[in-house]
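Trainee: Any chance you could fold what I've pasted below:
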Amino acid sequence: MNDHEIRKMFDTEPNLTLGRLAMITGKTVQELKAILMPGFNAHCLNNANITTVSHLATKAEAKMLD
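Mentor: Next comes the predicted model:
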């Protein structure tokens, strides 16, 4: 599954979690975060509160970061 297909699946499945998407695609949650939220990881490294990154689980939570 390519990056475009992953983004499309994530955008069209409202109840799809990153954990479930990882199982479907064979990618890690970290890899999926990089695909779905480009630039986010670099931003978090500059943020003192990095722990919130590991708690992203749902599409709603990911969209709140925009």
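
Trainee: How about L21, nearest residue that isn't a chain neighbour?
Mentor: Spatial nearest neighbour of L21, chain neighbours left out: L32 (5.7 Å); criterion: CB to CB, 6 or more residues apart in numbering. Just so you know, the C-beta spots here come from the backbone N, C-alpha and C atoms, and that holds for glycine as well.

Trainee: just the helices in this protein please.
Mentor: 3-12, 18-25, 29-36, 40-45, 59-64 (DSSP state H).

Trainee: Can you get me a residue count around E5?
Mentor: A count of nearby residues for E5, using other CB atoms under 10 Å, gives 10.

Trainee: just the one 3 residues further on next, same as before
Mentor: A count of nearby residues for K8, using other CB under 10 Å, gives 12.

Trainee: if we can go back for a sec, neighbours of the residue nearest to L21, how many?
Mentor: L32 has 21 neighbours, counted by other CB under 10 Å.

Trainee: isn't it right next to T17, touching?
Mentor: No: taking CB atoms under 8 Å as the definition, L32 is not a contact partner of T17, at 10.1 Å.

Trainee: mind listing what the residue nearest to L21 touches?
Mentor: If a contact means CB atoms under 8 Å, 6 or more residues apart in numbering, then L32 has I6, F10, L18, L21, A22, T25 as its contacts.

Trainee: Rebuild the residues you listed as a markdown table, extending it with pLDDT and neighbour count.
Mentor: Formatted as a markdown table, these follow (pLDDT from 0 to 100; neighbours: other CB atoms under 10 Å):
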| residue | pLDDT | neighbour count |
| --- | --- | --- |
| I6 | 95 | 18 |
| F10 | 95 | 19 |
| L18 | 93 | 21 |
| L21 | 95 | 20 |
| A22 | 94 | 15 |
| T25 | 95 | 18 |
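
Trainee: which residues sit in contact with the nearest residue to M1 once chain neighbours are set aside?
Mentor: The shortest distance from M1 to any residue other than its chain neighbours is 5.0 Å, reached at T25 (CB to CB, 6+ apart). For T25, the contact set (CB under 8 Å, 6+ apart) comprises M1, I6, L32.

Trainee: and if we set it to 10 Å?
Mentor: T25 makes contact with M1, N2, D3, E5, I6, M9, F10, E31, L32, I35, according to CB atoms under 10 Å, 6 or more residues apart in numbering.

Trainee: If anything else comes up later, I'll come back, but that's it for now.
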